[in-house]
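Undergrad: Sequence and predicted model, in that order:
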Amino acid sequence: MKSNGKAIVSHDPIVKKPNGKDAVSSTVLDQPTGKNAVSSAKVHKVMPAVSSAVPIQPSGKTAVSSVKVDKVRSSAKVDKVLFFRDVSFGIQEGELRFRLIHLWEARNVLTKTLIGLEMLLIDEQGSVIQGFIPSARIDTYLPHMKAGSVYRLNKCFGSNSKVMYRVAEPRVVISFTSNSVLSDLEDSRVNFPDDRFRFHSYKEFEAACDLKGDLYDYVGHLKLVNGQTLNASVVLDEEEIASTRRLLLHVQTHDGPVMKLYLWDQAAADFCAKFKLHGSTPRVILVTTVNPKRFGGALALASMSSSRVFLDFDVQPTRDYVTWLDSNLDVANRVDAKVVT
(Lines give C-alpha, C1' and ligand atoms only; values in the text may rest on other atoms or scores of the structure.)
Protein backbone atom coordinates (compact mmCIF):
# COMPACT_ATOMS: atom_id res chain seq x y z
CA MET A 1 0.00 0.00 0.00
CA LYS A 2 1.33 3.44 -0.86
CA SER A 3 1.81 5.87 1.97
CA ASN A 4 1.05 9.10 0.14
CA GLY A 5 -2.36 10.08 1.45
CA LYS A 6 -3.16 6.48 2.32
CA ALA A 7 -4.19 4.97 5.58
CA ILE A 8 -2.32 1.84 6.63
CA VAL A 9 -4.53 -0.75 8.30
CA SER A 10 -3.17 -3.89 9.95
CA HIS A 11 -5.23 -7.08 9.57
CA ASP A 12 -2.75 -9.60 10.93
CA PRO A 13 -3.84 -11.58 13.98
CA ILE A 14 -2.94 -10.47 17.49
CA VAL A 15 0.08 -12.32 18.85
CA LYS A 16 -0.98 -15.04 21.27
CA LYS A 17 0.71 -16.27 24.40
CA PRO A 18 0.81 -20.03 25.01
CA ASN A 19 -2.12 -19.63 27.40
CA GLY A 20 -4.21 -18.14 24.63
CA LYS A 21 -4.18 -14.54 25.91
CA ASP A 22 -3.34 -11.62 23.71
CA ALA A 23 -0.05 -9.90 24.46
CA VAL A 24 2.10 -7.01 23.37
CA SER A 25 5.72 -7.09 24.52
CA SER A 26 8.32 -4.35 24.61
CA THR A 27 11.99 -4.32 25.57
CA VAL A 28 15.12 -2.22 25.48
CA LEU A 29 18.39 -4.01 24.99
CA ASP A 30 21.20 -3.72 27.48
CA GLN A 31 24.83 -4.09 26.49
CA PRO A 32 26.41 -7.49 25.82
CA THR A 33 27.04 -7.98 29.54
CA GLY A 34 23.58 -6.88 30.58
CA LYS A 35 20.14 -8.38 30.64
CA ASN A 36 17.02 -7.42 28.79
CA ALA A 37 13.84 -6.26 30.45
CA VAL A 38 10.59 -7.36 28.84
CA SER A 39 7.23 -6.06 29.93
CA SER A 40 3.89 -7.18 28.56
CA ALA A 41 0.36 -5.87 28.63
CA LYS A 42 -2.93 -7.54 27.76
CA VAL A 43 -4.60 -6.54 24.55
CA HIS A 44 -8.37 -6.84 24.22
CA LYS A 45 -9.03 -8.33 20.84
CA VAL A 46 -11.38 -6.21 18.76
CA MET A 47 -12.58 -7.40 15.36
CA PRO A 48 -11.54 -5.02 12.55
CA ALA A 49 -14.35 -2.74 11.39
CA VAL A 50 -14.02 -2.34 7.60
CA SER A 51 -16.69 -1.04 5.23
CA SER A 52 -17.98 -3.60 2.73
CA ALA A 53 -17.46 -0.93 0.06
CA VAL A 54 -13.68 -1.09 0.54
CA PRO A 55 -12.01 -2.84 -2.42
CA ILE A 56 -9.88 -5.92 -1.93
CA GLN A 57 -6.50 -5.98 -3.64
CA PRO A 58 -5.32 -9.12 -5.50
CA SER A 59 -2.98 -9.83 -2.59
CA GLY A 60 -6.01 -10.24 -0.37
CA LYS A 61 -5.17 -7.18 1.76
CA THR A 62 -7.66 -4.42 2.29
CA ALA A 63 -6.69 -1.03 0.90
CA VAL A 64 -8.32 1.85 2.74
CA SER A 65 -7.47 5.33 1.50
CA SER A 66 -7.63 8.37 3.74
CA VAL A 67 -10.58 9.60 1.63
CA LYS A 68 -12.62 6.49 2.41
CA VAL A 69 -11.64 6.67 6.06
CA ASP A 70 -12.86 10.26 6.20
CA LYS A 71 -16.18 9.18 4.63
CA VAL A 72 -16.63 6.51 7.27
CA ARG A 73 -15.93 9.04 10.01
CA SER A 74 -18.33 11.61 8.59
CA SER A 75 -21.17 9.11 8.64
CA ALA A 76 -20.40 8.11 12.19
CA LYS A 77 -18.54 9.91 14.94
CA VAL A 78 -15.47 12.00 14.17
CA ASP A 79 -12.55 10.87 16.31
CA LYS A 80 -11.47 13.37 18.91
CA VAL A 81 -7.84 14.48 18.73
CA LEU A 82 -5.94 13.29 21.79
CA PHE A 83 -2.73 14.69 23.18
CA PHE A 84 -0.22 12.35 24.78
CA ARG A 85 -1.17 13.69 28.20
CA ASP A 86 -4.68 12.30 27.56
CA VAL A 87 -3.56 8.77 26.69
CA SER A 88 -4.68 6.20 29.25
CA PHE A 89 -4.50 2.43 29.58
CA GLY A 90 -6.65 0.39 27.22
CA ILE A 91 -8.16 1.04 23.81
CA GLN A 92 -7.83 4.66 22.65
CA GLU A 93 -10.95 5.92 20.89
CA GLY A 94 -9.46 9.23 19.77
CA GLU A 95 -6.91 10.19 17.13
CA LEU A 96 -3.26 10.76 17.99
CA ARG A 97 -1.14 13.15 15.92
CA PHE A 98 2.62 13.13 16.29
CA ARG A 99 6.07 13.40 14.79
CA LEU A 100 8.15 10.23 14.72
CA ILE A 101 11.47 11.15 16.34
CA HIS A 102 13.24 7.81 16.25
CA LEU A 103 12.62 4.07 15.97
CA TRP A 104 14.80 1.07 16.74
CA GLU A 105 14.65 -2.71 16.97
CA ALA A 106 13.91 -4.45 20.24
CA ARG A 107 15.58 -7.86 20.39
CA ASN A 108 16.03 -10.49 23.05
CA VAL A 109 19.63 -10.19 24.23
CA LEU A 110 20.18 -13.94 24.53
CA THR A 111 18.28 -15.31 21.52
CA LYS A 112 18.51 -12.19 19.31
CA THR A 113 14.85 -12.78 18.46
CA LEU A 114 13.13 -9.67 17.13
CA ILE A 115 10.42 -8.67 19.58
CA GLY A 116 9.24 -5.54 17.84
CA LEU A 117 10.01 -1.92 17.00
CA GLU A 118 10.18 0.74 19.67
CA MET A 119 9.61 4.39 18.86
CA LEU A 120 9.95 7.83 20.36
CA LEU A 121 7.04 10.13 19.45
CA ILE A 122 6.36 13.82 20.12
CA ASP A 123 3.03 15.66 19.86
CA GLU A 124 2.30 19.31 19.11
CA GLN A 125 2.51 20.21 22.80
CA GLY A 126 6.08 18.90 23.01
CA SER A 127 5.12 15.86 25.09
CA VAL A 128 7.15 12.73 24.34
CA ILE A 129 5.88 9.17 24.65
CA GLN A 130 7.16 5.74 23.71
CA GLY A 131 5.48 3.67 20.99
CA PHE A 132 5.67 -0.01 20.14
CA ILE A 133 4.93 -2.15 17.08
CA PRO A 134 4.91 -5.95 17.66
CA SER A 135 7.11 -7.97 15.31
CA ALA A 136 4.08 -9.47 13.51
CA ARG A 137 3.01 -6.00 12.38
CA ILE A 138 6.37 -4.49 11.44
CA ASP A 139 5.95 -5.27 7.73
CA THR A 140 2.58 -3.54 7.76
CA TYR A 141 3.75 -0.21 9.18
CA LEU A 142 7.54 0.15 8.83
CA PRO A 143 7.59 0.67 5.01
CA HIS A 144 5.37 3.72 5.50
CA MET A 145 7.24 5.27 8.42
CA LYS A 146 10.22 7.62 8.37
CA ALA A 147 11.89 9.43 11.24
CA GLY A 148 10.98 13.12 11.18
CA SER A 149 7.62 12.63 9.44
CA VAL A 150 4.23 13.52 10.94
CA TYR A 151 1.39 10.99 11.27
CA ARG A 152 -2.10 10.42 12.62
CA LEU A 153 -2.97 7.18 14.41
CA ASN A 154 -6.41 5.81 15.22
CA LYS A 155 -7.44 2.83 17.34
CA CYS A 156 -4.23 2.14 19.22
CA PHE A 157 -3.84 0.60 22.66
CA GLY A 158 -2.35 2.09 25.83
CA SER A 159 -0.20 -0.52 27.57
CA ASN A 160 2.06 -0.43 30.60
CA SER A 161 5.57 0.86 30.03
CA LYS A 162 8.46 -1.24 31.18
CA VAL A 163 9.93 -0.63 34.60
CA MET A 164 13.56 -0.60 33.51
CA TYR A 165 15.30 1.55 30.88
CA ARG A 166 12.37 3.80 30.04
CA VAL A 167 13.11 6.46 27.41
CA ALA A 168 10.10 8.69 28.13
CA GLU A 169 8.29 9.88 31.25
CA PRO A 170 4.72 8.56 30.71
CA ARG A 171 3.84 5.25 32.34
CA VAL A 172 1.86 4.27 29.26
CA VAL A 173 3.14 3.06 25.86
CA ILE A 174 1.25 3.52 22.60
CA SER A 175 0.97 0.05 21.06
CA PHE A 176 -0.11 -0.62 17.47
CA THR A 177 -2.82 -3.29 17.29
CA SER A 178 -4.52 -5.26 14.52
CA ASN A 179 -7.14 -2.50 14.32
CA SER A 180 -4.78 0.49 14.25
CA VAL A 181 -4.99 2.90 11.31
CA LEU A 182 -1.88 4.94 10.49
CA SER A 183 -1.83 7.68 7.86
CA ASP A 184 0.25 10.70 6.89
CA LEU A 185 -0.80 13.98 8.46
CA GLU A 186 -0.79 16.17 5.38
CA ASP A 187 -1.12 19.95 5.15
CA SER A 188 -1.01 20.31 8.91
CA ARG A 189 -0.96 23.89 10.17
CA VAL A 190 0.41 22.71 13.49
CA ASN A 191 4.14 23.06 14.07
CA PHE A 192 5.30 19.81 15.68
CA PRO A 193 8.62 20.06 17.58
CA ASP A 194 11.50 18.15 16.00
CA ASP A 195 12.83 16.62 19.21
CA ARG A 196 13.10 16.91 22.96
CA PHE A 197 16.05 15.97 25.16
CA ARG A 198 16.31 15.03 28.82
CA PHE A 199 19.79 15.86 30.16
CA HIS A 200 21.39 14.65 33.35
CA SER A 201 24.38 16.14 35.13
CA TYR A 202 27.32 14.16 36.46
CA LYS A 203 25.78 14.08 39.95
CA GLU A 204 22.44 12.87 38.60
CA PHE A 205 24.09 10.12 36.55
CA GLU A 206 26.11 9.09 39.62
CA ALA A 207 22.95 8.89 41.74
CA ALA A 208 21.27 6.68 39.11
CA CYS A 209 24.31 4.47 38.52
CA ASP A 210 23.53 0.73 38.08
CA LEU A 211 19.86 1.22 39.01
CA LYS A 212 18.59 0.31 35.50
CA GLY A 213 16.11 3.14 35.71
CA ASP A 214 15.08 5.79 33.19
CA LEU A 215 17.56 6.61 30.45
CA TYR A 216 18.65 10.23 30.07
CA ASP A 217 20.74 12.18 27.58
CA TYR A 218 24.32 13.43 27.80
CA VAL A 219 26.00 16.47 26.23
CA GLY A 220 29.60 17.57 26.67
CA HIS A 221 32.93 17.95 24.91
CA LEU A 222 35.32 15.27 23.75
CA LYS A 223 38.69 14.79 25.43
CA LEU A 224 39.91 11.49 23.97
CA VAL A 225 38.67 9.31 21.10
CA ASN A 226 39.82 5.71 21.54
CA GLY A 227 42.81 7.05 23.48
CA GLN A 228 43.70 9.77 20.95
CA THR A 229 43.73 13.44 21.86
CA LEU A 230 41.71 15.77 19.67
CA ASN A 231 43.76 17.09 16.78
CA ALA A 232 43.70 17.10 12.99
CA SER A 233 45.38 13.67 12.82
CA VAL A 234 42.75 11.66 14.74
CA VAL A 235 42.19 8.40 12.87
CA LEU A 236 39.45 5.89 13.59
CA ASP A 237 40.24 2.22 13.07
CA GLU A 238 36.90 1.23 11.61
CA GLU A 239 37.81 -2.45 11.28
CA GLU A 240 38.68 -2.67 14.97
CA ILE A 241 35.54 -0.77 15.94
CA ALA A 242 33.40 -3.07 13.79
CA SER A 243 35.09 -6.12 15.30
CA THR A 244 34.80 -5.01 18.94
CA ARG A 245 31.44 -3.30 18.34
CA ARG A 246 32.65 -0.59 20.68
CA LEU A 247 34.14 2.89 20.74
CA LEU A 248 35.57 4.48 23.88
CA LEU A 249 35.37 8.22 24.41
CA HIS A 250 36.52 10.39 27.29
CA VAL A 251 34.07 13.25 27.78
CA GLN A 252 33.53 16.19 30.10
CA THR A 253 30.63 18.56 30.73
CA HIS A 254 31.77 22.11 31.41
CA ASP A 255 34.38 21.92 34.21
CA GLY A 256 33.00 18.72 35.75
CA PRO A 257 34.72 15.34 36.12
CA VAL A 258 35.90 13.47 33.04
CA MET A 259 33.95 10.29 32.30
CA LYS A 260 34.25 7.35 29.97
CA LEU A 261 31.50 7.07 27.39
CA TYR A 262 31.14 3.70 25.65
CA LEU A 263 29.37 3.68 22.30
CA TRP A 264 28.13 0.23 21.31
CA ASP A 265 26.96 -1.27 18.02
CA GLN A 266 24.83 1.19 16.02
CA ALA A 267 25.85 4.18 18.13
CA ALA A 268 29.53 3.42 17.43
CA ALA A 269 28.80 3.07 13.71
CA ASP A 270 26.85 6.33 13.69
CA PHE A 271 29.72 8.16 15.41
CA CYS A 272 32.20 6.85 12.84
CA ALA A 273 29.96 7.91 9.94
CA LYS A 274 29.43 11.42 11.34
CA PHE A 275 33.13 11.72 12.23
CA LYS A 276 34.16 10.96 8.64
CA LEU A 277 31.69 13.46 7.19
CA HIS A 278 32.78 16.19 9.59
CA GLY A 279 34.94 18.85 7.99
CA SER A 280 37.23 18.95 11.01
CA THR A 281 37.68 17.01 14.22
CA PRO A 282 34.41 17.39 16.16
CA ARG A 283 34.58 18.74 19.69
CA VAL A 284 31.06 18.41 21.11
CA ILE A 285 28.94 15.27 21.43
CA LEU A 286 25.38 14.53 22.47
CA VAL A 287 24.27 10.94 23.06
CA THR A 288 20.68 10.15 23.97
CA THR A 289 19.39 7.52 26.40
CA VAL A 290 22.67 6.48 28.01
CA ASN A 291 22.96 3.98 30.84
CA PRO A 292 25.14 5.00 33.84
CA LYS A 293 27.36 2.14 35.01
CA ARG A 294 30.38 1.74 37.22
CA PHE A 295 33.48 0.17 35.67
CA GLY A 296 36.50 -0.36 37.88
CA GLY A 297 34.95 1.86 40.52
CA ALA A 298 34.55 4.82 38.12
CA LEU A 299 31.32 6.17 36.72
CA ALA A 300 30.89 5.55 33.00
CA LEU A 301 28.09 5.96 30.50
CA ALA A 302 27.06 3.34 27.94
CA SER A 303 24.88 3.75 24.87
CA MET A 304 21.77 1.62 24.41
CA SER A 305 19.91 0.33 21.36
CA SER A 306 17.73 3.46 21.57
CA SER A 307 20.70 5.87 21.58
CA ARG A 308 21.34 8.52 18.94
CA VAL A 309 24.56 10.46 18.38
CA PHE A 310 24.89 14.16 17.50
CA LEU A 311 28.05 16.23 16.98
CA ASP A 312 28.91 19.96 17.03
CA PHE A 313 26.19 21.71 14.99
CA ASP A 314 23.71 18.84 14.48
CA VAL A 315 21.06 20.05 16.96
CA GLN A 316 20.43 23.14 19.07
CA PRO A 317 21.87 21.77 22.36
CA THR A 318 25.20 20.91 20.63
CA ARG A 319 25.28 24.32 18.96
CA ASP A 320 24.70 26.00 22.32
CA TYR A 321 27.49 23.93 23.86
CA VAL A 322 29.90 24.87 21.05
CA THR A 323 29.19 28.52 21.85
CA TRP A 324 29.96 27.90 25.51
CA LEU A 325 33.10 25.96 24.66
CA ASP A 326 34.45 28.75 22.45
CA SER A 327 34.05 31.17 25.36
CA ASN A 328 35.47 28.88 28.05
CA LEU A 329 38.40 27.04 26.54
CA ASP A 330 40.53 27.66 29.64
CA VAL A 331 37.90 25.97 31.84
CA ALA A 332 37.38 23.10 29.43
CA ASN A 333 41.09 22.37 29.21
CA ARG A 334 41.71 22.57 32.94
CA VAL A 335 41.21 18.84 33.64
CA ASP A 336 43.56 16.19 32.28
CA ALA A 337 41.50 13.71 30.28
CA LYS A 338 43.63 10.82 31.52
CA VAL A 339 42.55 11.45 35.09
CA VAL A 340 39.14 9.83 35.20
CA THR A 341 37.26 9.78 38.50
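TA: Thanks, I have it.

Undergrad: Show the backbone phi and psi for A242.
TA: phi -70, psi -40 (degrees, to the nearest 10).

Undergrad: Enumerate every residue touching the closest residue to N328 other than its chain neighbours.
TA: Excluding its sequence neighbours, the residue lying closest to N328 (C-beta to C-beta, 6 or more residues apart in numbering) is H254, at 7.5 Å. Any C-beta I mention is one placed from the backbone N, CA and C, and that applies to glycine too. H254 makes contact with G220, W324, N328, V331, A332, according to C-beta atoms under 8 Å, 6 or more residues apart in numbering.

Undergrad: Tell me the secondary structure of H254, please.
TA: Of the three states, H254 takes coil under DSSP: H, G, I helix; E, B strand; the rest coil.

Undergrad: Against D265, how distant is it?
TA: In this view, H254 and D265 are 29 Å apart by C-beta to C-beta, to the nearest Å.

Undergrad: and what of K80?
TA: To D265, K80 is 41 Å away according to C-beta to C-beta.

Undergrad: Domain parsing of this protein, as residue ranges.
TA: What automatic domain parsing lists as the domains of the chain is 6-184, 202-332.

Undergrad: For D195, find the nearest of the ones you listed.
TA: Among these, the nearest to D195 by C-beta to C-beta is domain 6-184 (5.6 Å).

Undergrad: Just the ones of the contacts of H254 in strands?
TA: Those of those mapping onto strands are G220, per DSSP state E.

Undergrad: need the contacts of H254 in CSV with pLDDT, can you?
TA: Compiled in CSV, these are given as follows (pLDDT from 0 to 100):
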residue, pLDDT
G220, 97
W324, 96
N328, 93
V331, 78
A332, 76
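
Undergrad: Now rank the contacts of H254 by neighbours and give me the top one.
TA: For the contacts of H254, the largest number of neighbours (other C-beta atoms under 10 Å) sits with G220, at 27 neighbours.

Undergrad: Spit out the contact partners of that residue.
TA: Counting by C-beta under 8 Å, 6+ apart, G220 touches V251, Q252, T253, H254, V284, I285, Y321.
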